[in-house]
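> let's see this in three dimensions:
(chains A, B, C and D)
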Number of protein chains: 2
Amino acid sequence: MTIRQNGGVMNTKDRKQREIQEREAKILECARPMFIEGGYNGLNMDRLTSMLEYSKGTIYNHFSCKEEIIITLAIQTLEKRLTMFEKASLFQGTSRERIAAIGTAAELFVKLYPDHFRVEQTIRLDSIWDKTSEERRQVMSNCEHRCIGVVGGIVRDGIASGDLNLGETTVPEEIVFGLWSLAFGGYSIIATSNSLTDLGILNPFETLRRNYHRFLDGIQWNPLSSEVDYDAVFERVCEEVFGNELQQISV
Amino acid sequence: MTIRQNGGVMNTKDRKQREIQEREAKILECARPMFIEGGYNGLNMDRLTSMLEYSKGTIYNHFSCKEEIIITLAIQTLEKRLTMFEKASLFQGTSRERIAAIGTAAELFVKLYPDHFRVEQTIRLDSIWDKTSEERRQVMSNCEHRCIGVVGGIVRDGIASGDLNLGETTVPEEIVFGLWSLAFGGYSIIATSNSLTDLGILNPFETLRRNYHRFLDGIQWNPLSSEVDYDAVFERVCEEVFGNELQQISV
DNA sequence: CACCATTTTGACGGATCGTCATTTTTTGTC
DNA sequence: GACAAAAAATGACGATCCGTCAAAATGGTG
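I've put the predicted structure just below:
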């Protein structure tokens, strides 16, 4: 009897919870294209209200301000990236091939979610960042840290296996920082600048791939790119690890 | 007589012109800290009006919208960067030392104008970018292109002098893209992420420097970092080329 | 001083964010 | 099912801020 009552109560609460979750998903689903279309100003709370079947107050029950919606959009895709990184890190191969697998994941991620950078760049502007809740900022940081952690783990594996020898003056995190800079900078430039085509770089993604292999050659992470065809590794990772995701886009 | 008249007219016009220039400078001078303080929303046109001794309409005679002010702020610092790059490229030394000099210039630039990135990131958001005038966008592109050109020139010098051999499958622009990615990504991460200190990287600027030398080692741009103390080159460039600028900051 | 051209002014319209008093719905109880 | 209390939803409203434009001020000229 008590059990039944409890059960009943829980079911009701669960249903409520689920409804709230679903509504939140709907809000985000509607907000994303609005943001993609016109950025921070394009995401119009009045228009969002009129497009959804909920009133303003209801939406503000879910998200205390516009910025909270935007950071949640960022978190949604960041979580997808984390999943892709983790999947890539399981690739069977040398430590350097596994780093290449992460690079592949990063590239496929920006191709699958080409608008993610825009969202993240907006969020990182202090004027926006400061209005978001500490809670959601934590979630975002956590995602970032875990992505970094995956890469760091592979660097340490490389050292442990003897493929990589950093010497005594270098810590693995410096290499993570280097790869991260190359990737973040490269994808940002690709996304926001016309100068690349002006420069005559026809396939920027391929060039970026070759650039991080140049960096890895520079620290002599074996086997070097002169010994292994890392383009082929890229193709293999695309197929073997991300075959499913890839059906959606043309690489 | 005609000459005198002309002279007089010209003087009046010149004075007018000068006054307009000066006013424009004042507007920007007042707008910059406001933007730095609170970003896009922090730059408040009403407040700007009340702080300056000019009315709203007058300000809108200079800049047709808020975004035009912001892009002009970006252009102001971009021009300083171009000057620093050009100065650095004249450094006497091997081609690789000259690239290191550009790296030094880039680092000193972000230290001298730590808020520039914020301004540039804001401008690059499509929602802002689209509202700026084609004219000012051209000026900005031009600055960027000339900076890239300086770097490209040194790469080609390196090839010509035999310090660098890219082979037949690589064009110099790919290397420019690589260095640019590393720098842009690295400085962005330094500016907007706490993860670096979390990672245990105590001196991110030094690490970034070492990272681009790793990249340059990877393409075997001679002399390699194992043969030359590029930290010492950095110091020399700071002193010999940028001694004046450096008095303002602590490196 | 009178007249025209140019520049400056700031009140105002319009857009948009977030609030909160009011209304509606849900829950719990007899 | 009827009713009260709690919870949730509503949307009109206040506040803020951008950019405009009719009117006023300024400056040059005969």
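
> element containing the closest residue to DNA strand D within chain A?
The minimum distance from chain A to DNA strand D, using CB to the nearest atom of the strand, falls at A:Gly57 (1.8 Å). All C-beta spots, glycine's among them, are computed from the backbone N, C-alpha and C. In the assignment (DSSP states H and E), A:Gly57 maps to helix A:56-62.

> A:Glu174: what's it in contact with?
The neighbourhood of A:Glu174, defined by CB atoms under 8 Å, 6 or more residues apart in numbering or on different chains, consists of B:Ile201, B:Thr207, B:Arg210, B:Asn211.

> distance check, it against A:Leu166.
8 Å (CB to CB, to the nearest Å).

> re earlier: ok, and which of the contacts of A:Glu174 reach chain A?
B:Ile201, B:Thr207, B:Arg210, B:Asn211 (CB under 8 Å from any CB of the partner chain).

> in what element of secondary structure is the last one found?
Here B:Asn211 sits within helix B:204-218, counting by DSSP H and E.

> same check, this time on A:Trp221
Using DSSP H and E, A:Trp221 sits within no helix or strand.

> thought it was touching A:Ser95?
Yes. Between A:Trp221 and A:Ser95 a contact is recorded at 7.4 Å, counting by CB atoms under 8 Å.

> who touches both of those two?
With CB under 8 Å, 6+ apart as the test, A:Trp221 and A:Ser95 both reach A:Gly158, A:Asp163, A:Leu164.

> identify, from those, the entry nearest to DNA strand C.
A:Gly158 (46.0 Å).

> so which elements touch the helix or strand where that closest one lies?
Using DSSP H and E, A:Gly158 sits in helix A:134-161. Judged by 3 or more CB pairs under 8 Å, 6 or more residues apart in numbering or on different chains; DSSP states H and E, helix A:134-161 is in contact with helix A:66-89, helix A:95-112, helix A:172-192, helix B:195-199.

> now tabulate the ones you listed in TSV and tack on distance to DNA strand C and mean pLDDT.
Formatted as TSV, the helices and strands packed on helix A:134-161 follow (distance: least, CB to the nearest atom of the strand, whole Å; pLDDT from 0 to 100):
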stretch	distance to DNA strand C	mean pLDDT
helix A:66-89	4	98
helix A:95-112	27	98
helix A:172-192	23	96
helix B:195-199	27	88
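
> how about TSV for those, with distance to A:Asp231 added?
Output for those, formatted as TSV (distance: least, CB to CB, whole Å):
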stretch	distance to A:Asp231
helix A:66-89	17
helix A:95-112	10
helix A:172-192	17
helix B:195-199	30
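
> can you give me the mean pLDDT across stretch A:52-60?
Mean pLDDT, computed over stretch A:52-60, is 96.

> surely A:Asp163 is in contact with A:Ile99?
No. If you go by CB under 8 Å, A:Asp163 and A:Ile99 don't touch, sitting 9.8 Å apart.

> of these two, who's got more company?
Neighbour count, other CB atoms under 10 Å in any protein chain shown: between A:Asp163 and A:Ile99, A:Ile99 has more, with 29 against 17.

> that one contacts A:Arg156, correct?
No. Taking contacts as CB under 8 Å, A:Ile99 lies outside contact range of A:Arg156: 11.6 Å.

> if we can go back for a sec, give me the contacts around the helix holding A:Gly57.
With CB under 8 Å, 6+ apart as the criterion, helix A:56-62 contacts A:Ile20, A:Arg23, A:Glu24, A:Ile27, A:Met45, A:Asp46, A:Leu48, A:Thr49, A:Leu52.

> of these, closest to A:Ile69?
Using CB to CB, A:Ile27 comes nearest to A:Ile69 of these, at 7.1 Å.

> the closest one: how many residues sit nearby?
21.

> tell me which element it is part of?
helix A:2-42.

> right, and the helix or strand after that helix?
helix A:45-51.

> how far away from the center of its chain is that following helix?
28 Å (CA atoms, centre = their mean, to the nearest Å).

> touching DNA strand C at all, it?
Yes. Helix A:45-51 reaches DNA strand C (CB under 7 Å from any atom of the strand) through A:Met45, A:Asp46, A:Arg47.

> now those in TSV, with pLDDT?
Listed next are those as TSV, based on pLDDT from 0 to 100:
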residue	pLDDT
A:Met45	98
A:Asp46	97
A:Arg47	96
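
> quick check on those residues: which are buried?
Among the residues of helix A:45-51 next to DNA strand C, those buried by neighbour count (16 or more other CB atoms under 10 Å in any protein chain shown) are A:Met45.

> closest to DNA strand C out of the residues of helix A:45-51 next to DNA strand C?
Among the residues of helix A:45-51 next to DNA strand C, and counting by CB to the nearest atom of the strand, the member closest to DNA strand C is A:Met45, at 3.2 Å.

> distance of that closest one relative to B:Gly152?
46 Å.

> send the alpha carbons of the helix holding A:Gly57 over as PDB?
Output of helix A:56-62 as PDB, limited to C-alpha atoms (Å, rounded to 0.1, in the frame of the first residue of the first chain):
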ATOM      1  CA  LYS A  56       7.500  34.000 -21.900                       C
ATOM      2  CA  GLY A  57       7.300  33.300 -18.200                       C
ATOM      3  CA  THR A  58       7.400  29.500 -18.800                       C
ATOM      4  CA  ILE A  59      10.500  29.800 -20.900                       C
ATOM      5  CA  TYR A  60      12.100  32.000 -18.200                       C
ATOM      6  CA  ASN A  61      11.300  29.200 -15.700                       C
ATOM      7  CA  HIS A  62      13.700  27.000 -17.700                       C
END
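
> identify each buried residue in that helix, please.
A:Ile59, A:His62.

> any bit of it sitting next to DNA strand C?
Yes. Helix A:56-62 reaches DNA strand C (CB under 7 Å from any atom of the strand) through A:Lys56, A:Gly57, A:Tyr60.
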